[in-house]
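*Asks:* fold the following for me, if possible:
(3 chains)
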Amino acid sequence: MEAVDGNAIGGLLHEVFGTEMTDAASVCGSCGAARPVAELVVYLRAPGTVVRCRSCESVLMVFVTIHDRTCVDLLGLAALG
Amino acid sequence: MSPVSRGFHRRRQDPPEDAGRVPPGQYVTKDFPVLSAGPTPHTALDQWTFSIGRLGQQKTWSWTEFRALPAQDVTVDIHCVTKWSKLDTAWQGVSVDTLLDLAGHDGPFAMAHCDGGYTTNVPVADLTGGKAWVAYAYDGQPLAPEHGGPARLLVPHLYFWKSAKWVRSLELRDTNDPGFWENYGYHIYGDPWREQRYAGD
Amino acid sequence: MAGTALRGRLTWQVAKVSAVTVETASVRTLTLDVPHWPGHRAGQHLDIRLTDEDGYVAERSYSIASAPGEPVAITVERLDDGEVSPYLTDELRAGDDLELRGPIGGYFVWEPENGGPLLLLAGGSGIVPLRSILRHRERTGSAVPVRLLYSSRTLNDVIYRAELDQPASGVEVIHTLTRSQPPDWSGYARRVDAALLAEVAWTAAAMPLAYVCGPTSFVEAVSQALVQSGYPPQRVKTERFGATGGA
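*Replies:* Numbers count the residues shown, from 1 in each chain, chains lettered A, B, ... in the order given. Predicted structure coming up:
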């Protein structure tokens, strides 16, 4: 299953953050790489949605939908927005 | 409540003769879907090792040594937490019983560590007694990288996220620490017959 | 429960399919009548949600094919092993309901004031959001020069072919057919590579703005080649559709 990018989770991000996020700035907490959310690497078909840094592959965000509630973990990011 | 989409059906339902083999909430597929949380690692076989045991006391094999261990052919049903099940999948690999015997010690819990950083936790009691393997061939062919090759853990009685792809070690521990998906809310044990998909199920 | 699309809120709402247009043997454009559509920008997409009688839900995203101000339309390619796309291309008919939310996207969008020259690079169904950009450019009377490089398997796979054969003033369309070509074909006949781009793309010195869309492997190869040829990374916008360009 090939990866896509942050464009593919625009709707999910809007649902979670309440606003358009694909053009928001992201900073990787591991390597410091800065790029728009749209350019992050996204794995959609897993038990959850995993978003990774395009430079160092570290996990930046994980979204899991558990019984109709979406849980989001952003611990891999140094900054977002 | 969303409106029903006229004429839309999920994938074809199972024929009734499979019914007893399919855990609750699952559907049978003939495909072998590839799910991944990250890029496919590519480890050269001359760099590959597999280790088992407590940290600092692990027994390690090179690829050549690992392939020389007694292996088994097994045919099992597998069940993914994303609701697909695949029946009669054929694997070849080394039983974890064999690996633990050769390692010479044990512990109550194991954490699988994999190329790419994926982890998952399994009680040792669920890895022994002929219930788990480190598998390097699927359907008579070397295990493809997209399906976890060179080798993956195979624990078919639990949801397939526990059958960690690209496995490199089974670290024995005294505590049942959560692995990657368990940390994000998936069930610490993952029994498909009790539909233990998420923590608290 | 009706979803009221307040500006800024993204809520699911039920639209009606008003028309189904055949683009190619495997591609359809669905024109939609969306009761609470707030308008959209060229390059944005929407999410659709299908629910079966057992309550099973499937969601997918599709780029909007129409320009701002035109009726909302999406173009869908049928994937043989797809769960959703065959339903959208083969089953859905005018008068059916389709649950959707949108518009979505703030990165892969173009307005005339973003300028150019524009380099649009499409792999397969990646043409869809770029077609919205082209139509928006024409409807606003923008004079920004455009080169569209469009990679398809065969001539019969070219989406919006008639429209692209009559491009607006200032738009150049270059096709490449990667799998097979008609006997009299004099155009490119291979996957987009650095040499092809060197012949077709605006030079970096022209300060172009590039939009690359299609399967992930196409987008990676093309965007890397552009950056290597001197395009600043922030002037190369990318949208990856996954291995098969859709759902």
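*Asks:* can you tell me the SS state at C:Leu197?
*Replies:* Assigned by DSSP: H, G, I helix; E, B strand; the rest coil, the conformation of C:Leu197 is helix.
*Asks:* swap that for B:Gly149, sorry
*Replies:* B:Gly149 - assigned by three-state DSSP - is coil.
*Asks:* C:Tyr150 too?
*Replies:* Of the three states, C:Tyr150 takes strand according to three-state DSSP.
*Asks:* and for C:Gly126?
*Replies:* C:Gly126 - assigned by three-state DSSP - is helix.
*Asks:* who's in contact with it?
*Replies:* C:Gly126 makes contact with C:Val212, C:Cys213, C:Gly214, C:Pro215, C:Phe218, C:Val219, C:Glu239, C:Phe241, C:Gly245 under the criterion CB atoms under 8 Å, 6 or more residues apart in numbering or on different chains. (Each C-beta comes from the backbone N, C-alpha and C, glycine too.)
*Asks:* what strand or helix carries the residue of chain C positioned farthest from its centre?
*Replies:* The outermost residue of chain C relative to its centre, with distances by CA atoms, centre = their mean, is C:Asp54 at 32.4 Å. Applying DSSP states H and E as the criterion places C:Asp54 outside every helix and strand.
*Asks:* ok, now the one 4 residues further on?
*Replies:* Counting by DSSP H and E, the element that carries C:Ala58 is strand C:57-63.
*Asks:* where is the longest strand in chain B?
*Replies:* Taking DSSP state E as the criterion, chain B has its longest strand at strand B:84-95.
*Asks:* ok, and what's touching that strand?
*Replies:* The contact list for strand B:84-95 (CB under 8 Å, 6+ apart) reads B:18, B:21-23, B:26-33, B:66, B:69-79, B:130, B:132-140, B:151, B:154.
*Asks:* narrow those to those in helices?
*Replies:* Among those, the ones falling in helices (DSSP state H) are B:Phe66.
*Asks:* so which of the contacts of strand B:84-95 sit within strands?
*Replies:* Counted as lying in strands by DSSP E, out of the contacts of strand B:84-95, are B:27-28, B:72-79, B:133-138, B:154.
*Asks:* which of these are buried?
*Replies:* B:28, B:74, B:76-79, B:133-138, B:154 (16 or more other CB atoms under 10 Å in any protein chain shown).
*Asks:* any idea how far C:Arg28 is from C:Val22?
*Replies:* C:Val22 sits at a distance of 6 Å from C:Arg28 (criterion: CB to CB, to the nearest Å).
*Asks:* where in chain C is pLDDT low?
*Replies:* Scanning chain C with the threshold set as pLDDT under 70 gives C:1-8, C:244-247.
*Asks:* ditto for chain A
*Replies:* Where chain A drops to pLDDT under 70, the residues are A:1.
*Asks:* which residues of it lie near chain B?
*Replies:* Counting by CB under 8 Å from any CB of the partner chain, the residues of chain A close to chain B are A:1, A:3, A:41, A:43, A:45-48, A:50, A:52, A:57, A:59, A:62, A:64, A:66-67, A:71, A:73.
*Asks:* just the buried members of those?
*Replies:* Neighbour counting by 16+ other CB under 10 Å classes A:3, A:41, A:43, A:45-48, A:50, A:52, A:57, A:59, A:62, A:64, A:66, A:73 among these as buried.
*Asks:* which of the three states applies to the residue sitting nearest the centre point of chain A?
*Replies:* Geometric centre of chain A, nearest residue: A:Val51, 3.9 Å, by CA atoms, centre = their mean. Secondary structure assignment for A:Val51 (three-state DSSP): strand.
*Asks:* next, the contact list for the one residue sitting closest to the centre of chain B, please.
*Replies:* The centre of chain B sits closest to B:Ser163, judged by CA atoms, centre = their mean, with a distance of 0.7 Å. B:Ser163 sits next to B:Ile78, B:Gly148, B:Arg152, B:Leu153, B:Leu154, B:Val155, B:Pro156 when contact means CB under 8 Å, 6+ apart.
*Asks:* how far away is the fifth one from B:Phe160?
*Replies:* B:Leu154 sits 9 Å away from B:Phe160 when distances are taken as CB to CB.
*Asks:* count the neighbours of the nearest residue to A:Gly10 once chain neighbours are set aside for me.
*Replies:* Using CB to CB, 6 or more residues apart in numbering or on different chains and skipping residues adjacent in sequence, the residue nearest A:Gly10 is C:Ile104, 4.0 Å away. Other residues near C:Ile104 number 25, with proximity taken as other CB atoms under 10 Å in any protein chain shown.
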